[in-house]
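Enquirer: A structural model of the following input is requested.
(chains A and B)
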Amino acid sequence: MLQQLVWSNELDIERIVDKYGNMLFRMCLVILCNENDAEDVVQDTFITYLTKSPPFNDSEHEKAWLITIATNRCKNMRRYNIIRKHMDINDLQLYCKDDENYGLIEHLMRLPNKHKIVLLLYYVEGYKVDEIAKILAITTSAVKKRLQRGRELIRERYRKENER
Amino acid sequence: MNFDKIKETVNSIEMSKTMKNRVKKNCNIIEKKNFKGRISVACAFGFLLLIMIGIPLFNNNGNFQVSNFTITAYALSDDGNQPNTKLSSDKATFELSTEARGSTTDITGDVGNLIFTKLMLNISGEHIDSITYTISKGKFIEDVTLTAKEYADKDWLLSKKIFMIGSSPGSDRYNGTKEIGNTYTVKYNEQDKYKYSLAIPHDGNLVIDDDIIIKVIVKYTDGSSEQQDIVVTQESNSIKSNSISLKLN
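Expert: Below you'll find the predicted structure:
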């Protein structure tokens, strides 16, 4: 019985890392701008999943729960100033399969956290405003404001870059 | 500015295979390290309550009498609900929360190995005068709230048999655990006043002792009495679901 349970947990780890590993890693990497920190958060998130996750209604519920845990951990890392040195944007080439649009990622990474998390959830994960509000436990108007401000900041930075 | 490009660009970032394997490996290591503890904690959730012996007694007139009372087990779950199950011959399962008292202080130093459950019992029936519960191993306990003044008075705490103290960060209230003993009697219509739960002994690894029996003797208003025994055991296959099973043996 115990052996079966160990085996079942190993399968669970395989499944969740394969299913959500990339999604969480890219989100954490953009938020933390450091691959080691991103890996740590992803790992912590999965360990939390294995030890404390509630019963999920469906895979969307599971995914949203993992995103909430991961983004909270990212925020804590930044809050307590325990993040490592930011990675050089050129190092992103190690991760990006797409060698275009590095500029866009760079601008996104330089945004304040609260804006980039909302942009990531909206544009990358395809969540709606009310869904993001639930995941981040903020109001829908706050989500809209952050989306708007995030977009403005990226536009401004692009414009300044083009003016040089 | 095409913001939809964000998706394309961010999605091109991938974890390296080495990193992915490292995460899996580390998760497995930590999972296995915690496994023994988790089994124990999970086992604490999974008490199997069995009414082993529904003893039909003879009443004062010497007539054979079928048990006339029902025992309901209440288990306060983590979400604050109070699922309850009438103990019967059919196996029933429900979630059972045990309170982690890792941050509490044992002021007597002799509490020993006890699993504190949120499991309570209630009796229903007609013409019942009083109920006496006796647990063969372990104690009945009561959760109490203390003021800072009470918390500071160790002699008072000991006199009241309040032996475990814990506090919530930022709160001036303290949570205590009061020992009721291995037996208590309660009037039938005063059951709601006495919310006593079970503290069950374990072997140091949160594996509970065998043969724990809670004897329930009901005294009726006509002077007759009845007894049913509940056997408390642990169910180790409830690790994932934290469920409890109850059945009549």
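Enquirer: C-alpha from now on. contacts and neighbour counts both.
Expert: OK.
Enquirer: What helices and strands are in contact with whatever helix or strand residue A:104 lives in?
Expert: Per DSSP states H and E, residue A:104 falls inside helix A:102-109. The helices and strands touching helix A:102-109, judged by 3 or more Cα pairs under 8 Å, 6 or more residues apart in numbering or on different chains; DSSP states H and E, are helix A:2-32, helix A:140-163, helix B:5-11.
Enquirer: and that helix with helix A:140-163, angle?
Expert: Orientation note: helix A:102-109 sits at an angle of 140 degrees relative to helix A:140-163 (axes from the mean of the first three to the mean of the last three Cα atoms, to 10 degrees).
Enquirer: what does helix A:102-109 contact?
Expert: Residues from elsewhere that reach helix A:102-109 (Cα atoms under 8 Å, 6 or more residues apart in numbering or on different chains): A:30-31, A:33, A:89, A:92, A:116, A:154, A:157-158, B:5-6, B:9-10.
Enquirer: Can you point out the buried residues in the strand or helix carrying residue A:116?
Expert: Assigned by DSSP H and E, residue A:116 falls within helix A:113-119. Going by neighbour count (16 or more other Cα atoms under 10 Å in any protein chain shown), the buried part of helix A:113-119 is A:113, A:115-119.
Enquirer: Columns distance to residue B:224 and pLDDT on top of the contacts of helix A:102-109, output as a markdown table?
Expert: Formatted as a markdown table, the contacts of helix A:102-109 follow (distance: Cα to Cα, whole Å; pLDDT from 0 to 100):
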| residue | distance to residue B:224 | pLDDT |
| --- | --- | --- |
| A:30 | 74 | 88 |
| A:31 | 72 | 88 |
| A:33 | 76 | 82 |
| A:89 | 84 | 52 |
| A:92 | 82 | 57 |
| A:116 | 73 | 90 |
| A:154 | 83 | 89 |
| A:157 | 87 | 85 |
| A:158 | 89 | 81 |
| B:5 | 81 | 81 |
| B:6 | 79 | 84 |
| B:9 | 80 | 81 |
| B:10 | 77 | 85 |
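Enquirer: Say whether chain B is contacted by the helix holding residue A:116.
Expert: No - Helix A:113-119 stays clear of chain B (Cα under 8 Å from any Cα of the partner chain), getting no nearer than 8.6 Å.
Enquirer: Provide a list of residues in contact with residue 70.
Expert: You didn't pick a chain, so chain A it is. A:24, A:28, A:41-42, A:45.
Enquirer: Actually, chain B is the one I wanted.
Expert: So, once contact is read as Cα under 8 Å, 6+ apart, residue B:70 ends up touching B:86-87, B:123-125.
Enquirer: how close does the residue nearest the centre of chain A sit to chain B?
Expert: Nearest to the geometric centre of chain A sits residue A:27, at 2.5 Å (Cα atoms, centre = their mean). Note on residue A:27: its distance to chain B, by Cα to the nearest Cα, to the nearest Å, is 8 Å.
Enquirer: Check the contacts of residue A:70 and tell me the two furthest apart.
Expert: A:28 and A:45 (10.8 Å; Cα to Cα).
Enquirer: hey, which strand is longest across chain B?
Expert: Using DSSP state E to define each element, chain B has its longest strand at strand B:114-125.
Enquirer: Adjacent strands (with direction) for the next helix or strand after it?
Expert: Sequence-wise, the next helix or strand downstream of strand B:114-125 (DSSP H and E) is strand B:128-135. Here strand B:128-135 has these sheet partners by DSSP bridges: strand B:183-187 (antiparallel), strand B:212-220 (antiparallel).
Enquirer: Tell me the buried residues in the shortest one?
Expert: It refers to strand B:183-187. Within strand B:183-187, the residues that count as buried by 16+ other Cα under 10 Å are B:183, B:186-187.
Enquirer: Could you do stretch A:25-41 as well?
Expert: Neighbour-count burial for stretch A:25-41, counted by 16+ other Cα under 10 Å, picks out A:25-41.
Enquirer: distance between that stretch and the chain's centre?
Expert: Remark: stretch A:25-41 is offset 8 Å from the chain centroid, using Cα atoms, centre = their mean, to the nearest Å.
Enquirer: Endpoints of that stretch, how far apart?
Expert: Length of stretch A:25-41, first residue to last, Cα to Cα, to the nearest Å: 8 Å.
Enquirer: What of stretch B:133-148?
Expert: 33 Å.
Enquirer: Can you list the neighbours in contact with it?
Expert: Here stretch B:133-148 has contacts from B:114, B:172-185, B:195-201, B:212-217, using Cα under 8 Å, 6+ apart.
Enquirer: Right, I'll leave it there.
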